[in-house]
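> please find the sequence and the predicted model below.
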Amino acid sequence: MIKLVNLTKKYGSKTAVDHLDLVLTPGAVTGFLGPNGSGKSTTMKMIISLVRPTLGEVVVDGKAYRDFPEPIKRIGTLIDPSALDKNLTAKQHLSIIATAANINPQQVEEMLRVTGLENAQNKKVKSYSLGMKQRLGIATALLGNPDTVILDEPFNGMDVDGIKWLRGLFKQLAKSGKSVLVSSHLMSEIQAVADRVVIIGQGKLLAHMTMDELKRRSLSSFIYVEANNLEKIKRVLLEKQAIVQHRKAGLEVRNLDAKEIGELALENQIVLHELTKVTPSLEDVFTEITDGKADYISKEVNMDETLN
Ligand SMILES: Nc1ncnc2c1ncn2[C@@H]1O[C@H](COP(=O)(O)OP(=O)(O)OP(=O)(O)O)[C@@H](O)[C@H]1O
């Protein structure tokens, strides 16, 4: 089990990770989200002892990652595919690591097969596209059959086929009981693959819950109601402490569920024309949670001013 306890990293006066407490869930894909510069990579690097915490610790099955004789059998990581040795082939790269960590050479063949690199295994990494480097990084992460897999932006550079393959792979890894922590800026990919989400902002934990919980708690979810007498249903709903706003030809209702609204309509002889549960996208919820918690905020460009 991986436990982050009061994990903190300061670079000079900048606090990159701020008193983070977190336990990674086995058997689940956890999406790791946060605006640019919010501390995701630093957190991942601290988990595998690449960066030393200023305060706090990461406990891996009772000890620190660096204290395991063959740590890649505990945690497999893909942090920076550009760090791969460019003059080695994929096969050489994996074989060196397998020998050092006492891993059966057959596992090298298996990882080349699983990641679709069989045909490119004897080509040097310098001839690889970003997607192929990502595949090799993933092969390296999985080589020691670790219980935990940590991947920083694995979808970067992946083509449609690669993205589909990754989704299936993550689900399969979680099904086999592993903890999978995946950071990505592609909300749609995290939405498609994650069971849980951790959101950080300015190094602080903002949310850690299942995708369903996250959507349920979101202010962006509501029930959309249209009725034959909108003013009457509005009055009835407000009496029951609902939060009601006009939207298009109907009402956005929060604080009551669809069943309660349906029953209230019936009791008050109101005919409902529409009763729809509107659930937000992960992007909506992310924006809601991280609002004001980003270091770098894009501004709209005024093209007239830019051109003059
Ligand atoms: N080696 C370093 N020296 C100084 N500051 C650093 C260093 N590494 C990271 N930082 C700073 O720490 C903060 C967190 O950076 P980090 O890369 O962990 O964020 P991130 O969430 O992974 O960002 P992104 O989504 O843009 O990849 C940033 O302000 C970054 O500039």
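Here it is on my side, so go on. Because the structure is predicted, anything quoted here is derived from the model rather than measured.

> rest of the way, CA atoms for contacts and neighbours
OK.

> show me what contacts Leu206?
Contact analysis of Leu206 by C-alpha atoms under 8 Å, 6 or more residues apart in numbering lists Val198, Ile199, Ile200, Ile289, Thr290.

> need the helix or strand of this protein with the lowest average pLDDT.
helix 303-307 (a mean of 56; mean pLDDT, DSSP states H and E).

> look up how far the ligand lies from Asn6.
16 Å (C-alpha to the nearest ligand atom, to the nearest Å).

> in its sheet, what does whichever strand or helix holds that residue sit against?
Secondary structure from DSSP states H and E places Asn6 in strand 2-11. Paired neighbours of strand 2-11 in the sheet (DSSP bridges): strand 14-23 (antiparallel), strand 55-60 (antiparallel).

> remind me which residues of the protein are low pLDDT?
292-308 (pLDDT under 70).

> residue most distant from the centroid, it?
Most distant residue from the mean C-alpha position of the chain: Gln269, 45.9 Å away (C-alpha atoms, centre = their mean).

> tell me which residues of the strand holding Asn6 come out buried.
By 16 or more other C-alpha atoms under 10 Å, the buried positions in strand 2-11 come out as Ile2, Lys3, Leu4, Val5, Asn6, Leu7, Thr8, Lys9.

> now flag whichever of the residues you listed is closest to Val29.
Closest approach between the buried residues of strand 2-11 and Val29, by C-alpha to C-alpha: Ile2, at 13.9 Å.

> residue contacts, the closest residue to that closest one other than its chain neighbours?
In this structure, Ile2 finds its nearest non-sequential neighbour in Val60, 4.7 Å apart by C-alpha to C-alpha, 6 or more residues apart in numbering. Applying C-alpha under 8 Å, 6+ apart to Val60 gives the contacts Met1, Ile2, Lys3.

> do you know how far Val60 is from Ile47?
Applying C-alpha to C-alpha, to the nearest Å, the value for Val60 to Ile47 is 8 Å.

> and of the buried residues of strand 2-11, the nearest to Arg167?
Within the buried residues of strand 2-11, the smallest distance to Arg167 is 22.7 Å, found for Ile2 (C-alpha to C-alpha).

> and the closest one, how far from Thr54?
Distance, Ile2 to Thr54, using C-alpha to C-alpha: 19 Å.

> and if you look at Leu136?
32 Å.

> these two: which is more packed in?
Counted by other C-alpha atoms under 10 Å, Leu136 and Thr54 do not tie: Leu136 has more neighbours, with 28 against 14.

> quick check, the more buried one in contact with Val114.
No. Assessed by C-alpha atoms under 8 Å, Leu136 is found out of contact with Val114, at 10.4 Å.

> contact partners for the closest residue in space to Val5 that isn't next to it in sequence?
Excluding its sequence neighbours, the residue lying closest to Val5 (C-alpha to C-alpha, 6+ apart) is Asp21, at 4.8 Å. The contact partners of Asp21, taken as C-alpha under 8 Å, 6+ apart, are Lys3, Leu4, Val5, Asn6, Leu7, Leu205.

> pretty sure the first one sits against Ala64.
Just to be clear, that refers to Lys3. No. Using C-alpha under 8 Å, Lys3 is not in contact with Ala64, being 10.1 Å away.

> and for those two, which residues touch both?
With C-alpha under 8 Å, 6+ apart as the test, Lys3 and Ala64 both reach Val58.

> C-terminal to the longest helix anywhere in the chain, which secondary structure element comes first?
Longest helix in the chain, counting residues (DSSP state H): helix 160-175. Next helix or strand after helix 160-175 toward the C-terminus (DSSP H and E): strand 179-183.

> just to be sure, Gln106 is in a strand?
No. Secondary structure of Gln106 (DSSP: H, G, I helix; E, B strand; the rest coil): helix, not part of a strand.

> that one: neighbouring residues, count only.
Neighbour tally, Gln106, other C-alpha under 10 Å: 10.

> do a quick rundown of the helices in the stretch 151-300 of the chain.
Under the criterion DSSP state H, counting those that start in this stretch, the stretch 151-300 of the chain contains helices at 160-175, 187-193, 211-217, 230-239, 258-267, 282-290.
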